[in-house]
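Asker: Sequence plus the predicted model coming up.
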Amino acid sequence: MKLGLGLTDNFSTLNSLFLAKKMLPITLPEAIIQVHYKHHLWFFFLLLFFLLGYLQRLMLVLFAVGKEIVDLCLDRVRKLADNCTGLQGFLVFNAVGGGTGSGLGSLLLERLSVDYGKKSKLGFTIYPSPQVSTAVVEPYNSVLSTHSLLEHTDVAVLLDNEAIYDICRRSLDIERPTYTNLNRLISQIISSLTTSLRFDGAINVDVTEFQTNLVPYPRIHFMLSSYAPVISAEKAYHEQLSIPEITNAVFEPSSMMAKCDPRHGKYMACCLMYRGDVVPKDVNAAVATIKTKRTVQFVDWCPTGFKCGINYQPPTVVPGGDLAKVQRAVCMISNNTAVAEVFARIDHKFDLMYSKRAFVHWYVGEGMEEGEFSEAREDLAALEKDYEEVGAEGVEDEEDAEDY
């Protein structure tokens with residue numbers, strides 16, 4: 001998936017403080033051409049032109065192609081890092097269903113862990129959609145890549161195209177959303193995450209704080225995301241959404257940018273990032289109301305649960321785009337045990353194929369051992385179990401106390 005981000009006058013400031021975009025090679029030739037001809041001249045030197053877009057097998061990219069390319073990619077990263085006065089970390093964008101995003105992405109993350117071990121790595125990862133598939137071997141690539149994400153990312157925000165398609169259709173009245181529509185919506189999440197680095201605010205949220213406040217255990221670092229208001233320009237003329245309304249909206253299952261129902265699990269932590277015409281008093285009142293909702297359940301062992309950031313810079317939208325310009329907005333990144341639903345779907349599809357050893361010979365032929373499939377699958381089974389145990393810890397503790 002190709003991800004486009006809007007530019008602001010503050011990009012140079014951001015770039016000196018934070019390596020905002022780790023430029024994975026844009027793998028489709030047409031993507032390179034689009035970038036060249038849309039006046040995004042500032043990062044010409046970052047572009048790497050590789051014809052990898054149609055390689056679907058993770059291990060083909062990882063073994064046969066990736067090792068030749070990764071040094072070139074890391075050289076571009078080093079040039080950016082050398083120009084940073086206070087490098088905080090990396091934002092990594094990839095899709096785990098295809099060969100390049102999973103194979104080369106895994107290899108890059110591994111090398112970044114070696115070269116920049118203490119720097120935060122925040123991943124924005126496109127996972128396979130429940131009903132829509134772009135490659136037959138998506139389940140294999142996804143399981144193998146998640147095995148790597150567990151070790152080499154600090155925070156991973158899960159996204160899937162189907163969920164964002166639904167948001168575009170329902171909230172923006174776009175009958176047939178394109179990748180451009182999807183990317184503009186995703187870019188609002190990323191823009192909100194980095195707002196405090198680029199602008200002053202009442203309560204700033206540092207990039208390293210995401211890991212500190214959202215990850216209770218190292219393996220439990222896969223997040224859900226949502227954004228509000230998602231509203232078209234036509235509707236914005238007669239709808240001015242208040243802080244309580246947009247806060248309620250980001251907790252709705254239909255707002256999640258991955259096909260996952262948070263009501264099926266429990267929240268361990270939430271990070272709410274407000275922008276625009278927002279005051280702390282209204283935020284506190286909105287959060288207090290959320291805490292009283294029966295549909296929003298938190299684990300018993302994390303009584304606080306909320307981290308809030310407020311920035312007075314209003315949201316920016318693409319002129320003439322789908323999203324309306326609004327006075328205020330909120331982005332939520334949350335750690336919820338229901339995210340295990342995403343892994344359960346992928347694991348089920350993996351098991352169906354692997355039980356027949358279908359397509360495995362392609363991976364083995366490129367240098368992979370069959371045992372690596374079993375190892376990765378067992379790791380994801382353990383991850384599902386971890387989420388189950390984390391959600392049940394409070395119940396077990398209460399039962400133990402009653403027995404005592």
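Answerer: Ah, there it is. Numbers count the residues shown, from 1 in each chain.
Asker: mind listing the strands for the stretch 151-300 of the chain?
Answerer: Using DSSP state E, counting those that start in this stretch, the strands of the stretch 151-300 of the chain run over residues 155-159, 222-228, 267-276.
Asker: Which residues are in contact with residue 259?
Answerer: Contacts for residue 259 were tallied using C-beta atoms under 8 Å, 6 or more residues apart in numbering; they are 129, 130, 160, 162, 163, 341, 342. Quick note: C-beta positions are derived from backbone N, CA and C, even for glycine.
Asker: Quick one, which of those residues are buried?
Answerer: Buried members of these, scored by 16 or more other C-beta atoms under 10 Å, are 129, 130, 160, 163, 341, 342.
Asker: Secondary structure class of the second one, three-state.
Answerer: Right, residue 130. coil (DSSP: H, G, I helix; E, B strand; the rest coil).
Asker: ok so, going back, so which of the contacts of residue 259 is the closest to residue 229?
Answerer: Nearest to residue 229 out of the contacts of residue 259 is residue 163 (C-beta to C-beta; 17.1 Å).
Asker: measure the closest residue to that closest one other than its chain neighbours to residue 354 for me?
Answerer: Closest residue in space to residue 163, ignoring its immediate chain neighbours: residue 259 at 4.8 Å, by C-beta to C-beta, 6 or more residues apart in numbering. Here residue 259 is placed at a distance of 22 Å from residue 354 (C-beta to C-beta, to the nearest Å).
Asker: cool, residue 320 as well?
Answerer: Counting by C-beta to C-beta - residue 320 and residue 354 are separated by 47 Å.
Asker: where are the low-confidence patches of the stretch 151-300 of the chain?
Answerer: 201-205, 238 (pLDDT under 70).
Asker: just the helices in it please.
Answerer: 161-172, 179-198, 207-214, 233-236, 243-250, 280-291 (DSSP state H, counting those that start in this stretch).
Asker: re the thing from before, could the strands of the stretch 151-300 of the chain go into TSV alongside distance to residue 70 and mean neighbour count?
Answerer: Formatted as TSV, those follow (distance: least, C-beta to C-beta, whole Å; neighbours: other C-beta atoms under 10 Å):
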stretch	distance to residue 70	mean neighbour count
strand 155-159	20	24
strand 222-228	24	25
strand 267-276	31	24
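Asker: so which of the ones you listed comes closest to residue 141?
Answerer: Set against residue 141 and scored by C-beta to C-beta, the strands of the stretch 151-300 of the chain come closest in strand 155-159, at 15.2 Å.
Asker: List the strands paired with that closest one, with their directions.
Answerer: strand 120-126 (parallel), strand 222-228 (parallel) (DSSP bridges).
Asker: Can you give the distance from the last one to the centre of its chain?
Answerer: Looking back up the chat, that one is strand 222-228. With C-alpha atoms, centre = their mean, to the nearest Å as the basis, strand 222-228 stands 8 Å off its chain's centre.
Asker: Give me the contacts around it.
Answerer: By C-beta under 8 Å, 6+ apart, the list of residues contacting strand 222-228 from outside reads 149, 155-159, 185, 188-189, 192, 214, 241, 246-247, 249-252, 255-258, 260, 262, 329-336, 338-339, 342.
Asker: what's the angle from that strand to helix 243-250?
Answerer: Counting by axes from the mean of the first three to the mean of the last three C-alpha atoms, to 10 degrees, strand 222-228 lies at 140 degrees to helix 243-250.
Asker: and the angle from strand 222-228 to helix 161-172?
Answerer: Orientation check (the same axes, to 10 degrees): strand 222-228 against helix 161-172 gives 20 degrees.
Asker: tilt between strand 222-228 and strand 267-276?
Answerer: Inter-element angle recorded for strand 222-228 and strand 267-276: 30 degrees (by the same axes, to 10 degrees).
Asker: List the contacts of the closest residue to residue 133 other than its chain neighbours.
Answerer: Leaving aside its chain neighbours, residue 133 sits nearest to residue 97 (7.7 Å; criterion: C-beta to C-beta, 6+ apart). Residue 97 makes contact with 126, 127, 128, 133, 134, 135, 138, 141, 142 under the criterion C-beta under 8 Å, 6+ apart.
Asker: Using CSV, lay out the residues you listed together with neighbour count and distance to residue 307.
Answerer: Shown next, in CSV, are the contacts of residue 97 (neighbours: other C-beta atoms under 10 Å; distance: C-beta to C-beta, whole Å):
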residue, neighbour count, distance to residue 307
126, 24, 25
127, 27, 24
128, 25, 30
133, 13, 36
134, 14, 35
135, 18, 37
138, 25, 33
141, 29, 33
142, 31, 29
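Asker: quick check, nearest of these to residue 302?
Answerer: residue 127 (25.1 Å).
Asker: any idea how far the closest one is from residue 141?
Answerer: 11 Å.
Asker: For those two, list the residues in contact with both.
Answerer: Taking C-beta under 8 Å, 6+ apart as the contact rule, the neighbours common to residue 127 and residue 141 are 96, 97.
Asker: what's the closest non-adjacent residue to residue 148?
Answerer: residue 106 (3.9 Å).
Asker: Let me know how buried that neighbour is, in neighbour terms.
Answerer: Around residue 106 there are 25 other residues, counting by other C-beta atoms under 10 Å.
Asker: now residue 136
Answerer: Applying other C-beta under 10 Å, we find 11 residues neighbouring residue 136.
Asker: Need phi/psi at it.
Answerer: Per-residue torsions, residue 136: phi -60, psi -40 (degrees, to the nearest 10).
Asker: how many other residues sit next to residue 71?
Answerer: 9.
Asker: same question but for residue 371, I mixed them up
Answerer: That count, for residue 371 with other C-beta under 10 Å as the rule, works out to 8.
Asker: Test my guess that residue 124 contacts residue 153.
Answerer: No. The pair residue 124 / residue 153 is not scored as a contact, 10.2 Å apart, by C-beta atoms under 8 Å.
Asker: who touches both of these two?
Answerer: In contact with both residue 124 and residue 153: residue 92, using C-beta under 8 Å, 6+ apart.
Asker: Excluding chain neighbours, give the residue nearest to residue 272 in space.
Answerer: Closest to residue 272 by C-beta to C-beta, 6+ apart is residue 308, at 4.9 Å.
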